[in-house]
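[1] Model the structure of this input:
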Amino acid sequence: MTITKEQLDTIEIGRENLVSLKTMGNIFEICYIEKRNRTITTQLIDKDHYIDLNTGEIFECNHINNRAESKFQVGQSLKRLRDYINTNVVEPNKCKWITLTYKKNMTDSKQLYNDFKRFMTRFKRRYKDYKIEYITACEPQARGAWHMHLILIFDKVAPFIPNATIEKLWEQGFTKTKKLDNIDNIGAYLTAYLGDMELTQENLQELEKKGLKMSNIDIKQVDEIDDVKLKEPKSFIKGGRLYMYPPKFNLYRTSRGIKKPKKEYLSYHVAKQKIGCIKPTYKKGLKISDTDNSFTNQIIYEYYNTKRQNV
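    Coordinates of the predicted model:
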């Protein structure tokens with residue numbers, strides 16, 4: 001059976017329709033699903049088999065070689081990461097976005113987290129007058145090396161820290177700190193780094209080794225990176241970096257004090273009242289069906305951003 005998705009021509013939610021409202025700092029998401037599944041239909045028997053509770057049939061689990069073979073799960077992980085960032089990074093002057101890079105070609109993900117833990121111990125010891133939470137996201141390079149994107153969230157205005165100081169605390173190589181000012185959807189901005197890869201001969205060769213067929217690549221062009229206008233546009237392979245992640249790898253981690261998005265279920269008009277009198281900044285509607293249309297469903301998303309001015 002093949003599942004297809006197509007864009008809806010008309011995107012309207014009925015006033016009394018039940019929706020979910022997710023609150024994430026200054027970002028709100030309304031989601032309407034025409035047919036909601038309220039029961040569990042499968043159960044894992046062991047690491048290799050699961051049972052369909054509706055029919056009693058037993059199936060083999062589909063083990064994957066890399067995260068790109070399970071794009072739905074990867075997409076959900078990136079979506080959760082965006083939600084965590086938007087929920088917690090609400091005052092940019094209390095935050096720092098730091099990239100930790102190795103001097104050597106370090107390819108061990110376990111060592112990456114051990115080095116990060118030691119870095120955070122040193123960092124908190126030096127800035128002990130602050131309460132600090134964090135969100136991390138790991139990014140593999142084509143050659144197999146790792147580096148880490150780190151958001152530090154302080155309980156008051158973040159101190160000025162020279163890059164040389166951060167590199168000394170890191171002890172493994174290089175660091176880069178960027179400002180998060182003037183970005184109204186920080187979660188979307190930062191997670192954009194984790195999926196796409198620059199189109200180079202080296203990257204293409206590495207992706208071929210990982211199983212990506214060249215006939216399936218999807219290319220996009222950008223003319224601006226980190227708000228800097230490029231002299232010439234650069235090409236990127238959409239989703240290419242997903243092939244570099246090991247299976248079941250945690251794309252992100254958070255400290256214990258990180259807040260979760262608030263999610264509630266209520267009627268559409270009540271959700272709109274809670275958001276206030278602002279227009280949606282983005283809408284998306286999908287029709288999902290199988291090949292013979294024996295199953296169809298509709299999903300509609302509306303996003304609101306209180307930092308954006310209504311036109």
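[2] can you pull out the helices in the chain?
    Taking DSSP state H as the test, the helices found in the chain are 71-88, 109-126, 163-170, 186-191, 201-209, 268-275.
[3] Which residue lies nearest the spatial centre of this protein?
    Centroid-nearest residue in the chain, with CA atoms, centre = their mean: residue 78, separated by 2.1 Å.
[4] so how far is residue 267 from that one?
    Distance from residue 78 to residue 267, counting by CB to CB, to the nearest Å: 29 Å. Quick note: C-beta positions are derived from backbone N, CA and C, even for glycine.
[5] again, but for residue 287
    For residue 287 relative to residue 267 (CB to CB), the value is 23 Å.
[6] Equivalent analysis for residue 277, please.
    Counting by CB to CB, the gap from residue 277 to residue 267 is 17 Å.
[7] Show the model's pLDDT score for the closest residue to residue 118 other than its chain neighbours.
    Nearest residue to residue 118, sequence neighbours excluded (CB to CB, 6 or more residues apart in numbering): residue 171, at 7.7 Å. With respect to pLDDT, residue 171 scores 95.
[8] Residue 171 against residue 116, yeah?
    No: Residue 171 is beyond contact range of residue 116, at 11.2 Å (criterion: CB atoms under 8 Å).
[9] These two: who's more crowded?
    Set side by side, residue 171 and residue 116 show more neighbours around residue 116, with 19 against 11, by other CB atoms under 10 Å.
[10] residue contacts, the more buried one?
    Counting by CB atoms under 8 Å, 6 or more residues apart in numbering, residue 116 touches 100, 136, 148, 150.
[11] who's the closest residue to residue 20 other than its chain neighbours bridged to?
    Using CB to CB, 6+ apart and skipping the chain neighbours, the partner closest in space to residue 20 is residue 31 (4.7 Å). Note on residue 31: beta-bridge partners residue 20, residue 301, judged by DSSP bridges.
[12] What's the local residue count around residue 31?
    Residue 31: 18 neighbours (other CB under 10 Å).
[13] how about it, what does it touch?
    Under the criterion of CB under 8 Å, 6+ apart, the contact list for residue 31 reads 19, 20, 22, 299, 300, 301.
[14] Of the residues you listed, grab the buried ones for ChimeraX.
    Applied in ChimeraX, the following selects the buried portion of the contacts of residue 31 according to 16 or more other CB atoms under 10 Å:
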select :19,22,299,300,301
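[15] Name the nearest of the contacts of residue 31 relative to residue 6.
    Nearest to residue 6 among these: residue 299, at 11.6 Å, using CB to CB.
[16] returning to what we had before: what about residue 277 and residue 267, which has more around it?
    Using other CB under 10 Å as the criterion, residue 277 and residue 267 rank with residue 267 on top: 15 against 7.
[17] contacting residues around the more buried one?
    15, 16, 17, 18, 19.
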